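[1] This is a predicted model, with the sequence first.
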Amino acid sequence: MISSRNSDNILIKQYVNGDESSFELLVFRHKDKVFAFIMSKVKNLDLANDIFQETFIKVIKSLKSGKYNEEGKFVPWVMRIAHNLIIDHFRSKKKMKTVSRNDTFNIFDIISDGDKNIEDDIITNQIFKKLKSLIEYLPSDQKEVLEMRYYRDYSFKDIAEITNVSINTSLGRMRYAIINLRKLIEKNNIELHVN
């Protein structure tokens, strides 16, 4: 018997075992939150509806193929799927931020140790690409926070909600991401300017 009081995990198990109504209840339970999140990022009703539907299509495929194993973290998992689809959309439309000669890349803003002058050097697409390649070497949790903050301009509140951690944890991951990125830059002797 389906009860609106059943936990997400129980509903997921029931759905995987063939009870379609359990999934309907899951969607009904979380649709407003997921849609509001998508809408806040794309600011277009039709596009938000498309991404919302695509999000739950991916959720269905993942659940049916047994790829979901994040006990108790259903909503953050769905939000990450939505977040990735939003990023894919903006990438395909070439709306991702790039660094031009008139922009500064403020990846080091969070550091308060007086080394901010390096930010002034990061002013070309060449440097942007070098940094992007180094970011791939960061631990996944640090990489995720850094990309969400600087490439998608998410607030730390949004990042905390999507990744299911506290705001302080998000800030800590960001700080370590910056520290580790600086170490990678030094280790690889990357010149942060174009001659």
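    That came in fine, so what should we check first? Residues are numbered from 1 along each chain as shown.
[2] Regarding this protein, what is its longest helix?
    helix 20-42 (DSSP state H).
[3] For stretch 56-65, buried residues please.
    Buried residues in stretch 56-65, counting neighbours by 16 or more other CB atoms under 10 Å, are found at Phe56, Lys58, Val59, Leu63. For the C-beta atoms, the positions are set from N, CA and C on the backbone; glycine is no exception.
[4] Among these, name the ones in strands.
    Nothing among those maps onto strands, per DSSP state E.
[5] What are the buried residues along the helix or strand containing Gln142?
    Element membership for Gln142 (DSSP states H and E) is helix 140-150. Of all the residues in helix 140-150, those buried under the rule 16+ other CB under 10 Å are Asp141, Gln142, Lys143, Glu144, Val145, Leu146, Glu147, Met148, Arg149, Tyr150.
[6] Check the residue nearest the centre of the chain and give its pLDDT.
    The residue lying closest to the centre of the chain (CA atoms, centre = their mean) is Met148, at 4.8 Å. At Met148, the pLDDT value in this model is 82.
[7] which ones are touching it?
    By CB atoms under 8 Å, 6 or more residues apart in numbering, Met148 lies in contact with His83, Tyr154, Asp158, Ile159, Ile162.
[8] Turn these into TSV, including neighbour count.
    Compiled in TSV, those are given as follows (neighbours: other CB atoms under 10 Å):
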residue	neighbour count
His83	25
Tyr154	20
Asp158	20
Ile159	24
Ile162	22
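[9] Outline the domain layout of the protein.
    8-92, 116-187 (automatic domain parsing).
[10] Least confident of these, on average?
    Among the domains of the chain, domain 116-187 carries the lowest mean pLDDT, at a mean of 77.
[11] Check the offset of that domain from the chain's centre.
    11 Å (CA atoms, centre = their mean, to the nearest Å).
[12] And Val75, how far from Ser133?
    32 Å (CB to CB, to the nearest Å).
[13] So these two - more neighbours on which side?
    Val75 (18 against 12; other CB atoms under 10 Å).
[14] Surely that one is in contact with Asp8?
    Yes: Val75 is within contact range of Asp8, at 7.3 Å (criterion: CB atoms under 8 Å).
[15] can you give me the helices in this structure?
    8-16, 20-42, 45-64, 74-92, 125-135, 140-150, 156-163, 167-187.
[16] tell me the angle the third one makes with helix 8-16.
    Right, the one you point to is helix 45-64. Relative orientation of helix 45-64 and helix 8-16, computed by axes from the mean of the first three to the mean of the last three CA atoms, to 10 degrees: 80 degrees.
[17] Tell me which residues touch the closest residue to His30 other than its chain neighbours, please.
    Leaving aside its chain neighbours, His30 sits nearest to Val75 (5.7 Å; criterion: CB to CB, 6 or more residues apart in numbering). Val75 makes contacts with Asp8, His30, Lys33, Val34, Asn164, as judged by CB under 8 Å, 6+ apart.
[18] In those, which residue is surrounded by the most others?
    Val34 (21 neighbours).
[19] Please work out how many residues are found near Ser40.
    11.
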